[in-house]
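J.: Give me the fold of what follows.
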Amino acid sequence: MMTLFKMQATLATFAVAGTLVLSPTSAQEQAAQPATVTAEEPAAATPEPANDPLARGKYLATAGNCMTCHTREGGAPFAGGVAFKTDFGTIYSTNITSDPKAGIGSWTQEQFVRAMREGVRANGEHLYPAFPYPSFTKVSDEDLGEIFAYVKSIPAAATPSPANEMGFPFNQRQLMSVWNALFFDAGAFKADTKQSTEWNRGAYLVEGLGHCGACHSPRNFLGAEQADQAMSGGVFQDKVPGGAIRQWSGVNLTSAESGLKSWTTEDIAAYLKTGHSNRSASFGPMNEVIGNSTRHLSDEDTLAMAVYVKSLAPIERSPKSTMDDKALRAGDTLYTIHCGTCHLPTGLGDKPGSELGAPLVGSAVAQAPDPSSLINIILYGGQVLTPVPQKSWKSMKALGDNLSDEDVAAVATYVRTNWGNRGAPVTAAQVAQQR
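T.: Predicted structure coming up:
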């Protein structure tokens, strides 16, 4: 179950993030990349279990991407302890195994449902919305019951979670009652009778279990999602290669020009299922989202999610920008040397399976309101999700050792301001923050 500031998740969990494959990596360069998520590839269609509550609970927990946020590196599955850096301090995910002391083995179903629906744990204390109960509140009673049955079956791990590292007043959990009164609307998902069954299923997964808005919606100064700009792009903290925590940007999932306007429903569904589509490949935190969650969902569910996402009305937050002649020449030169071979001078790239890179024209990553993910892939490269489908994109090599902060800013700005793309200029100071 993803955190407030972590994109895995959604696609919860769903989170579409296009990639720049500026040039394929060599075997040596790929070996230097961080470990790639290589979750077992599901069959072409992974049907949701119909008559086995425990199997359905596991399927639903997979849709919620519980594994990614509740399993620390080298730790027992679901034993918690994953650190999430936020503006308010460091929050550690909880142990949700069946251990009665370190985990939630002593919880009743009613207590579990209350935590998911209201953000209140068994002892009556408020949970922080780093646990996305504002999304999980939409999950149905039946599904919550089956998730609970599955969680109770997880082998016990007597590993306590570290104490949160939060200063006053953010360490005062009772203050969450005020936050909830201001920003939290409890209640299960209600189907829109004007929409199709498929659309409603997609909305239920994206808005509820998938908690995509946790990474793809902007937040106010108190960390609450801004409902009037939902799914138009957000920011969160996560690891970059080497282990440092840096900012990432969740792309605009609406049909805005800077979002998924150029994506078809089939593109989105393929991305969720494999990490590869005609428009992009996944990289960074999205590899965990897809590898641990959405690739294991049924074809029907990933298509339903795609149908819902593609229906989102455009919310445009990326401005049109231009470069002066001097900056344009500098950006064009850097792009031609480091990017143009794979993405072509036109920025159109090619299709997966070729030796060229993905399209930069209309790229949601290139045009995101915040350029952090664009900067990250230029600096650190991008390792594609494996195993790959028959037609797939190649990994991108890191360019951070070859380009100065000013160079990265120039080429990123060039990509954001050419070919009809949108996005504010990138500064050297922004690049320096991502190193």
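J.: Straight-line length of stretch 354-361, end to end?
T.: Stretch 354-361 has its terminal residues 17 Å apart, counting by C-alpha to C-alpha, to the nearest Å.
J.: Rounded mean pLDDT for stretch 201-219, please.
T.: The average pLDDT for stretch 201-219 rounds to 96.
J.: same question but for stretch 123-136, I mixed them up
T.: What stretch 123-136 shows for mean pLDDT is 94.
J.: Can you pull out the residues in contact with it?
T.: Identification of contacts with stretch 123-136 by C-beta atoms under 8 Å, 6 or more residues apart in numbering yields 1-5, 12, 64, 84, 86, 91, 93-94, 115-121, 164, 173-174, 176-177, 179-180, 183-185, 207-211, 213-214, 223-225. All C-beta spots, glycine's among them, are computed from the backbone N, C-alpha and C.
J.: Tell me where the stretch 1-150 of the chain has strands.
T.: For the stretch 1-150 of the chain, strands defined by DSSP state E, counting those that start in this stretch occupy the ranges 83-86, 89-92.
J.: Export those to TSV and append columns for mean pLDDT.
T.: Formatted as TSV, the strands of the stretch 1-150 of the chain follow (pLDDT from 0 to 100):
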stretch	mean pLDDT
strand 83-86	88
strand 89-92	93
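J.: Any chance of JSON lines for those, columns distance to residue 344 and mean neighbour count?
T.: Converted to JSON lines, the strands of the stretch 1-150 of the chain look like this (distance: least, C-beta to C-beta, whole Å; neighbours: other C-beta atoms under 10 Å):
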{"stretch": "strand 83-86", "distance to residue 344": "38", "mean neighbour count": "20"}
{"stretch": "strand 89-92", "distance to residue 344": "43", "mean neighbour count": "18"}
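J.: Determine which of the ones you listed approaches residue 382 most closely.
T.: Residue 382 lies closest, by C-beta to C-beta, to one member of the strands of the stretch 1-150 of the chain: strand 83-86, at 21.7 Å.
J.: quick one: low-confidence parts of the stretch 1-150 of the chain?
T.: 1-48, 50 (pLDDT under 70).
J.: picking that back up, just so I know, which of the strands of the stretch 1-150 of the chain lies nearest residue 427?
T.: Set against residue 427 and scored by C-beta to C-beta, those come closest in strand 83-86, at 22.8 Å.
J.: partners of the closest one, with directions?
T.: In the sheet, strand 83-86 lines up against strand 89-92 (antiparallel) (DSSP bridges).
J.: which outside residues touch the partner strand?
T.: Contacts with strand 89-92, where a contact means C-beta under 8 Å, 6+ apart, come from 3, 80-84, 128, 130, 161-167, 170-171.
J.: pLDDT weak spots in the stretch 201-350 of the chain?
T.: Checking the stretch 201-350 of the chain against pLDDT under 70 turns up nothing.
J.: Which parts of it are helices?
T.: Assigned by DSSP state H, counting those that start in this stretch, the stretch 201-350 of the chain shows helices spanning 213-216, 265-274, 286-292, 299-310, 325-338, 340-343.
J.: What are the boundaries of the helices in the stretch 1-150 of the chain?
T.: Secondary structure of the stretch 1-150 of the chain (DSSP H, counting those that start in this stretch): helices at 27-31, 53-63, 66-70, 109-118, 133-136, 141-153.
J.: Tell me, how many residues neighbour residue 279?
T.: Neighbours of residue 279 under the rule other C-beta atoms under 10 Å: 24.
J.: begin at 14 from here
T.: Done: numbering now begins at 14, and the last item shifts to residue 292.
J.: which ones are touching it?
T.: By C-beta under 8 Å, 6+ apart, the contact list for residue 292 reads 31, 275-276, 280, 284, 371-372, 375-376.
J.: Rebuild these as a markdown table, extending it with neighbour count and distance to residue 400.
T.: Putting the contacts of residue 292 into a markdown table (neighbours: other C-beta atoms under 10 Å; distance: C-beta to C-beta, whole Å) gives the following:
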| residue | neighbour count | distance to residue 400 |
| --- | --- | --- |
| 31 | 31 | 21 |
| 275 | 17 | 27 |
| 276 | 25 | 23 |
| 280 | 20 | 20 |
| 284 | 30 | 15 |
| 371 | 28 | 19 |
| 372 | 23 | 24 |
| 375 | 22 | 28 |
| 376 | 28 | 25 |
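J.: Which one of those residues is nearest to residue 87?
T.: Nearest to residue 87 among these, with distances taken as C-beta to C-beta, is residue 284, at 29.3 Å.
J.: The closest one and residue 296 touch, don't they?
T.: No: distance between residue 284 and residue 296: 11.7 Å, which falls outside the contact criterion (C-beta atoms under 8 Å).
J.: Out of the strands of the stretch 14-163 of the chain, which is closest to residue 318?
T.: strand 96-99 (24.2 Å).
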